[in-house]
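K.L.:
Using only what follows, build the 3D model:
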Amino acid sequence: MNLSEALALLKTKLDKLSINEDKGHLDHPEDLIFLGGSAGATRALQSTIATAKNPKTVTIKWDGYPALIFGRDSNGKFSIMDKHMFNKKDGTGRQVFSPEQFVEYDKARGVDRASLWPIIAEIWPGLAKADRSKGYYWGDLLFHQPLKDQNGSYVFKANPNGITYKVNVDSDIGKLIGGKRAGIAVHQYIAPDSPTTDQATSLDGTIGQLQNNSDVAIVPSAMPTAPKIKVDGKLVKNVQSAIQKYGPSVDNLMDTAPQARNTFNQLFTVYINKKIVAGDLNNLASGFMDFVEARPMTDKMKAKIVEHLNQNKNAIIGAFTIWAEVYKLKMSIVNQLNKAAEVSPVKGYLQDGTETHEGFVANGLKFVDRMGFSRQNLAGR
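P.N.:
This next block holds a predicted model:
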């Protein structure tokens with residue numbers, strides 16, 4: 001079976017599957033086996049192959065901080081907020097129409113974000129000028145002070161635990177951010193009547209209807225140079241074989257768990273993150289039971305979970321086998337994307353000097369080297 005036939009078969013299978021997807025949140029492809037069982041793993045495989053076949057859809061996952069949502073409601077009133085404020089059920093988080101009201105909102109809920117308040121005040125007029133249409137944009141603040149030319153590059157780092165960026169001052173993005181008070185990278189759009197961020201949609205590397213007409217640079221997420229990606233057919237077959245072999249038992253493990261599905265899923269994702277921080281992705285299945293035994297929870301619940309896991313040992317092996325095979329396939333794509341980014345005027349570096357980006361986004365998933373950026377970011381928290 002060639003890749004085209006495999007992709008067609010996977011799409012047919014995927015159309016028959018049901019999986020809840022939070023569009024306001026991006027998942028790692030490999031984690032979908034924990035979050036959605038065999039359906040999730042199938043989606044991960046299909047999306048990874050589709051990414052390789054359509055590399056123009058790949059965008060940069062800028063490592064900015066904080067993440068902000070800004071825009072205009074159905075009445076055209078402008079606001080800046082965070083995800084918590086946008087999703088607040090009573091709607092009060094969206095009733096913030098000035099920097100002063102932003103501060104008042106925080107104080108009313110007993111939150112002190114004094115370091116953020118002057119930044120909000122600085123960028124408010126520029127973002128309001130750039131955004132004249134109704135609807136909201138979700139992005140990450142890249143810098144909030146004018147950048148200085150450092151030997152032909154603009155250098156900035158928004159996330160203390162993240163990526164240091166160097167942008168060629170003579171490049172298109174360099175000219176865009178040069179002389180600006182601040183810069184924000186946008187990646188998703190939310191309609192003005194959307195109840196939550198779950199309805200966010202990708203901007204596909206564009207800045208939507210925003211305009212770069214103020215002292216705040218609106219930075220697109222499109223890769224400056226479209227990458228060329230090849231799919232390793234052997235890695236694809238390994239994922240397919242793992243799903244076929246272990247998929248049903250993994251589904252049973254997840255579906256019959258004696259705990260709420262999301263809480264049970266977190267046992268696996270939290271464990272994976274701990275292994276990433278430790279820098280060791282070996283022997284995942286064998287170390288999982290020890291992790292669960294040490295996990296804080298009631299004795300009664302722990303006894304139920306341990307019993308359930310002991311009854312499904314082969315499924316645990318299967319879940320981590322599928323995770324590992326999807327991760328290998330994803331990393332083959334990430335490595336090619338990082339290679340393509342080497343010719344980009346936008347350079348990213350880890351704390352040890354390794355040249356890399358936080359990651360990339362395509363088909364609703366994030367393609368990140370978790371032993372690089374993720375490990376550094378998690379360890380720094």
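K.L.:
Skipping adjacent residues, who's closest to Val216 in space?
P.N.:
Computed as C-beta to C-beta, 6 or more residues apart in numbering, the closest residue to Val216 that is not its neighbour in sequence is Gly126, at 3.2 Å. All C-beta atoms are positioned from the backbone trio N, CA, C, and that covers glycine.
K.L.:
per-residue confidence at Ile123?
P.N.:
At Ile123, the pLDDT value in this model is 98.
K.L.:
I'd guessed it sits against Ile80; true?
P.N.:
Yes - judged on C-beta atoms under 8 Å, Ile123 makes contact with Ile80 at a distance of 7.5 Å.
K.L.:
ok, so what distance separates Asn273 from Thr263?
P.N.:
When distance is defined by C-beta to C-beta, to the nearest Å, Asn273 is 16 Å away from Thr263.
K.L.:
More neighbours: these two, which one.
P.N.:
Asn273 (16 against 12; other C-beta atoms under 10 Å).
K.L.:
Please tell me I have it right and the more buried one contacts Asn377.
P.N.:
No - using C-beta under 8 Å, Asn273 is not in contact with Asn377; the gap is 10.3 Å.
K.L.:
hey, where'd the strands end up in the stretch 1-150 of the chain?
P.N.:
With DSSP state E, counting those that start in this stretch as the criterion, the stretch 1-150 of the chain has strands at 59-60, 67-72, 78-81, 135-143, 149-150.
K.L.:
Just checking: what are the partner strands of the fourth one?
P.N.:
Note on strand 135-143: by DSSP bridges, its sheet partners are strand 67-72 (antiparallel), strand 182-190 (antiparallel).
K.L.:
Those into a markdown table, with extra columns for mean neighbour count?
P.N.:
Shown next, in a markdown table, are those (neighbours: other C-beta atoms under 10 Å):
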| stretch | mean neighbour count |
| --- | --- |
| strand 67-72 | 22 |
| strand 182-190 | 24 |
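K.L.:
Make TSV out of those strands and add mean pLDDT and distance to Gln311.
P.N.:
Output for the strands paired with strand 135-143, formatted as TSV (pLDDT from 0 to 100; distance: least, C-beta to C-beta, whole Å):
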stretch	mean pLDDT	distance to Gln311
strand 67-72	97	41
strand 182-190	96	41
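K.L.:
export those strands to CSV and tack on distance to Glu307?
P.N.:
Shown next, in CSV, are these (distance: least, C-beta to C-beta, whole Å):
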stretch, distance to Glu307
strand 67-72, 40
strand 182-190, 42
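K.L.:
wait, which of those is closest to Ser344?
P.N.:
Nearest to Ser344, of all the strands paired with strand 135-143, is strand 182-190, at 14.2 Å by C-beta to C-beta.
K.L.:
Sheet-wise, list the partners of the following helix or strand past that closest one with their directions.
P.N.:
Next along the chain after strand 182-190, taking DSSP states H and E as the criterion, comes strand 201-202. Neighbouring strands of strand 201-202 in its sheet, by DSSP bridges, are strand 182-190 (antiparallel).
K.L.:
Nearest to Ser47, out of the strands paired with strand 135-143?
P.N.:
strand 182-190 (16.8 Å).
K.L.:
mind checking the end-to-end distance for stretch 130-147?
P.N.:
20 Å (C-alpha to C-alpha, to the nearest Å).
K.L.:
what about the strands in the stretch 251-381 of the chain?
P.N.:
346-349, 360-362, 365-367.
K.L.:
and these, which is most packed in?
P.N.:
strand 360-362 (a mean of 25; mean count of other C-beta atoms under 10 Å).
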